[in-house]
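Enquirer: Here is my input, please return the structure:
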Amino acid sequence: MTYCLHIFICFCLIVIQTTVMPYIPLFERFYDLLTPFIIYLSIFRSVRESMVIILIFGFFMDIISGGPFGLYLTAYVWLFFGVRWAITFLHVGDSLILPFVVAAGVLMENLMFIGASAMFEQSSRISEAVVGTIIVQVLWAIFTGPLFLMFFNTSHRWWDQWFKEIFVKKN
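Expert: Below you'll find the model as predicted:
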């Protein structure tokens, strides 16, 4: 049943990212909103539950992005397993480290996008505008990433509690 909540959250994030945020000047260089959700899944949810959502929405983002096919899917899978690997060394229960985990995830995703664009373009130079955008996105991630993770965790707790209440009333 948590798949329904995952799908709802992902669709809401995609709608906000593609229809609302481009028209607000403050958020024009904001990072991919699915990145903190992928990080949330890798830290707090099971691999089986997470991979289904990652594959579906990586594929979906590839369709709507207009970029090379498989770019978002690959980035999300690598991000998921990279964070899964990193939490074997880091104590993610410490709330002080979460901003840096999200920022590292945003940086990792951007580096994958730069690598993919370097493969398809003649020039291997990275412009100052791209570097500036990456810096702004990492800073956004440091400050807003933990808020997204707390929102996702709270919404899952509410969802699970709501379903337990429904099944208790039914039985």
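Enquirer: Point out where the protein drops to low pLDDT.
Expert: Counting by pLDDT under 70, the low-confidence segments of the chain come to 1, 92-94, 122-124, 170-171.
Enquirer: max-length helix in it?
Expert: Looking across the chain with DSSP state H, the single longest helix is helix 128-170.
Enquirer: Helices of this structure, start to end?
Expert: With DSSP H applied, the chain shows helices at 2-15, 34-44, 47-65, 71-86, 98-120, 128-170, listed in chain order.
Enquirer: Now do the contacts for the residue positioned nearest the centre of the chain.
Expert: In the chain, the centroid-proximal residue (Cα atoms, centre = their mean) is T35; its distance is 1.4 Å. Applying Cβ atoms under 8 Å, 6 or more residues apart in numbering, one finds that T35 lies in contact with L79, V102, G105, V106, E109, A141. Yep, even glycine has a C-beta here, placed from its N, CA and C like the rest.
Enquirer: how many other residues sit next to the residue nearest to P36 when sequence neighbours are not counted?
Expert: Excluding the flanking residues, the one nearest P36 by Cβ to Cβ, 6 or more residues apart in numbering is F148, at 3.9 Å. By other Cβ atoms under 10 Å, the residues close to F148 number 19.
Enquirer: W78 now?
Expert: By the criterion of other Cβ under 10 Å, W78 has 14 neighbours.
Enquirer: wait, doesn't it sit right on F113?
Expert: No: using Cβ atoms under 8 Å as the test, W78 is too far from F113 to be in contact (11.6 Å).
Enquirer: Overlap in contacts, those two.
Expert: Joint contacts of W78 and F113 (Cβ under 8 Å, 6+ apart) do not exist.
Enquirer: coming back round to it: tell me the two of the contacts of T35 that are most distant?
Expert: By the measure Cβ to Cβ, those have their two most distant members at L79 and A141, which lie 12.2 Å apart.
Enquirer: residues bridging contact with these two, i.e. touching both?
Expert: Residues touching both L79 and A141 by Cβ under 8 Å, 6+ apart: T35, G105.
Enquirer: can you list contacts of stretch 59-79?
Expert: Outside stretch 59-79, the residues that touch it by Cβ under 8 Å, 6+ apart are 10, 14, 18, 34-35, 38-39, 42, 54-55, 57-58, 105, 108-109, 112-113, 116, 120.
Enquirer: if you set the cut-off to 10 Å instead, what comes out?
Expert: With contact meaning Cβ atoms under 10 Å, 6 or more residues apart in numbering, stretch 59-79 is reached by 10-11, 14, 17-18, 32, 34-35, 37-39, 41-42, 50-51, 53-58, 104-106, 108-113, 115-117, 119-120.
Enquirer: What remains of those if I keep only buried residues?
Expert: With burial judged by 16 or more other Cβ atoms under 10 Å, the buried subset of these is 10, 14, 17, 32, 34-35, 37-39, 41-42, 50-51, 53-54, 57-58, 104-106, 108-110, 112-113, 116-117.
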